[in-house]
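**Student:** When you get a sec, could you give me coordinates for this:
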Amino acid sequence: MSRSFRLLRQMAAAGACLGAAAALVVAAGPAIAQDAAATAAAPAAEAAPIVDKGDVAWMMTATLLVLFMTMPGLALFYGGLVRAKNMLSVLMQCTVITGVVMIVWVLWGYSFAFGGGTSPYWGGLGKLFLAGVTMDSTSATFSDGVAIPEYLFIAFQMTFAVITPALIVGAFAERIRFSAVVLFTILWVTFVYFPIAHMVWDGSGLIFNWGALDFAGGTVVHINAGIAALVGCLFVGKRTGLGRDNMAPHSMTLTMVGASILWVGWFGFNAGSNLEATSGAVLAMLNTFTATAGALVAWCLIETTMRGKASMLGAASGMVAGLVAVTPACGTIGPVGAIVLGALASGCCYFFVSVVKNRFGYDDSLDVFGIHGIGGIVGAIGTGIFTAPWLGGTGAEDFSIVGQTTTQVWAVLVTILWCGIVSAILFKLVDLVIGLRPTPEQEREGLDLSYHGEAAYHA
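**Tutor:** So this is what the prediction gives:
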């Protein structure tokens, strides 16, 4: 067979195939047309939210930073401020609170705070034991169409729930039963923290729908913890030997280390609350620098003026006061406004720590109310002022300082009343069930040996 003949046969076969294909297309034409018409008639499906890897990476980092605030930041900060015989008791309280609240958060806390219910006061039972949460479920961010994995949102909010009750224990450090701390923590996060978190941060929440601004937890974390701390130190009573024994901090070195860790971790706390790696997170980060610097310098200046010397304890207290005050405001105010807000908060906190506490005689051991409670109140109210665009904030052109500040005051009052009343009930309940105070002998021996059978230091 010649080469030309074989070529002709191949061309003929190819033509037959093309003809058959054409016949199939013609036959399928009506069906294709019907499918196209049906597709055009159907409503356009909503686009799935975008989950950006950069946002996920940032929020995972922020979550770890917030955990770093409690373990070991807050534990070392508080541990250095107590006497050596009670250091391990504070470390254990922070450590066990972390574990207990993580378990509670997964079992019912997330549902109570963000369970998807329509109540203005709590999230409902819809996500008990994380029901319905999968690797594919997402949580909204501040940008339309952008989301993060719901598991990530759960983990991030869990670290907030962890540190808030841990803050409280500083008010009655060195004089409370370990079992009382654990029981109170479980009850308090259930009946105080979760409802306030829902009211402030959930879309159906009471305070959220008032339009109150709380970017990272001025009401939810700091006012909440500060008021519970004040109630707690009143119920527990004063330390044995207060005013007679030497109760100076045993290690300002550890306190400075803890305060520094808190400052670093606070970037996860504040910038992470933006939920995305955008310019909003950068603004919150910068404000966390500047407000803290303003408060730190202001406290040192006040101490120098009033006492003649600036102390390391004062510098650490100023740092925390600035961090607390900028927490609700960090996403909506400008960097210069943050400096002013931090300085104002520092002055107010100093007054409560050095004057008001002594005047009224309550034993807030590590000044939780004086710094977190007062700093949180100043920050929450100051948010309504410094968010104004003519003061460098991000508010709209029609922003009303009077209107927004009034809303902020109402948010503060609701938090104070809810937390104060419920915390008092819970402290009384725990006292009736297992008791709040150790015996005087246990207190004199130190809680490290009394409750944990070990000592922080050995000669």
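
**Student:** what residue ranges in this protein are flagged as low confidence?
**Tutor:** Along the chain, segments meeting pLDDT under 70 span 1-46.

**Student:** Quick check: which element contains the residue positioned nearest the centre of it?
**Tutor:** Centroid check for the chain by CA atoms, centre = their mean gives residue 160 as the closest residue, at 3.4 Å. Using DSSP states H and E, residue 160 falls within helix 150-168.

**Student:** returning to what we had before: I'd guessed the residue nearest to the centre of the chain sits against residue 224; true?
**Tutor:** No. Using CB atoms under 8 Å, residue 160 makes no contact with residue 224, being 10.5 Å away. In short, each C-beta sits where N, CA and C put it, glycine included.

**Student:** Find the residue closest to residue 124 in space, skipping its chain neighbours.
**Tutor:** Closest residue to residue 124 apart from its sequence neighbours, by CB to CB, 6 or more residues apart in numbering: residue 117 at 2.8 Å.

**Student:** Helix or strand: which one has that neighbour?
**Tutor:** Applying DSSP H and E, one finds residue 117 in no helix or strand.

**Student:** contacting residues around it?
**Tutor:** By CB atoms under 8 Å, 6 or more residues apart in numbering, the residues touching residue 117 are 123-126, 204.

**Student:** Ok, residue 89 next?
**Tutor:** 82, 173-174, 178, 446-448, 451-452.

**Student:** which one of those sits closest to residue 381?
**Tutor:** Of all the contacts of residue 89, residue 381 sits closest to residue 173, with 28.4 Å by CB to CB.

**Student:** Tell me which residues are up against stretch 66-75.
**Tutor:** By CB under 8 Å, 6+ apart, the residues outside stretch 66-75 that reach it are 90-91, 94-95, 97-98, 156, 159-160, 162-163, 166-167, 258-259, 261-262, 264-266, 268-269, 272.

**Student:** Sort out which of those are buried, if you could.
**Tutor:** By neighbour count, with 16 or more other CB atoms under 10 Å, the contacts of stretch 66-75 hold 90-91, 94-95, 97-98, 156, 159-160, 162-163, 166-167, 258-259, 261-262, 265-266, 268-269, 272 as buried.

**Student:** Please enumerate the helices of the stretch 301-450 of the chain.
**Tutor:** According to DSSP state H, counting those that start in this stretch, the stretch 301-450 of the chain carries its helices in the segments 312-326, 335-351, 357-360, 368, 374-386, 401-433, 440-445, 447.

**Student:** quick one on the thing from earlier: which helices and strands sit right next to the helix holding residue 160?
**Tutor:** Here helix 150-168 touches helix 53-68, helix 87-104, helix 110-114, strand 138-140, helix 178-188, helix 194-201, helix 224-236, going by 3 or more CB pairs under 8 Å, 6 or more residues apart in numbering; DSSP states H and E.

**Student:** returning to that earlier point: looking at the contacts of residue 89, state which has the most neighbours.
**Tutor:** Ranked by the number of neighbours (other CB atoms under 10 Å), these place residue 82 first, at 29 neighbours.

**Student:** so that one touches residue 365, yeah?
**Tutor:** Yes. In this structure residue 82 lies within contact range of residue 365 using CB under 8 Å: 7.4 Å.

**Student:** Now the common contact residues for the two.
**Tutor:** 173-174.

**Student:** what residues does stretch 119-134 touch?
**Tutor:** Stretch 119-134 has contacts (CB under 8 Å, 6+ apart) with 106-108, 110-118, 150-151, 154, 194-195, 198-199, 202, 204-206, 209.

**Student:** Buried only: go through the residues you listed for me.
**Tutor:** Applying 16+ other CB under 10 Å to the contacts of stretch 119-134 flags 106, 108, 110-115, 117, 150, 154, 194-195, 198-199, 202, 204-206 as buried.

**Student:** pull the CA atoms of stretch 296-309 into PDB?
**Tutor:** Taking C-alpha atoms only, stretch 296-309 is exported to PDB below (Å, rounded to 0.1, in the frame of the first residue of the first chain):
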ATOM      1  CA  LEU A 296       4.500  54.600  82.100                       C
ATOM      2  CA  VAL A 297       6.100  58.100  81.900                       C
ATOM      3  CA  ALA A 298       3.200  59.800  83.600                       C
ATOM      4  CA  TRP A 299       3.300  57.400  86.500                       C
ATOM      5  CA  CYS A 300       7.000  57.900  87.000                       C
ATOM      6  CA  LEU A 301       6.500  61.700  86.800                       C
ATOM      7  CA  ILE A 302       3.700  61.600  89.400                       C
ATOM      8  CA  GLU A 303       5.800  59.400  91.700                       C
ATOM      9  CA  THR A 304       8.800  61.700  91.400                       C
ATOM     10  CA  THR A 305       6.600  64.700  92.200                       C
ATOM     11  CA  MET A 306       4.800  63.100  95.100                       C
ATOM     12  CA  ARG A 307       7.500  60.900  96.600                       C
ATOM     13  CA  GLY A 308      10.700  62.300  95.200                       C
ATOM     14  CA  LYS A 309      11.600  59.000  93.500                       C
END
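
**Student:** who touches that stretch?
**Tutor:** With CB under 8 Å, 6+ apart, stretch 296-309 has contacts from 310-311, 314-315, 317-319, 321-322, 342-343, 346-347, 349-350, 354.

**Student:** how about it: buried residues?
**Tutor:** So, applying 16+ other CB under 10 Å, buried residues of stretch 296-309: 296-303.

**Student:** quick one: residue 339 and residue 288 touch, right?
**Tutor:** No. Counting by CB under 8 Å, residue 339 does not reach residue 288; the two are 11.8 Å apart.
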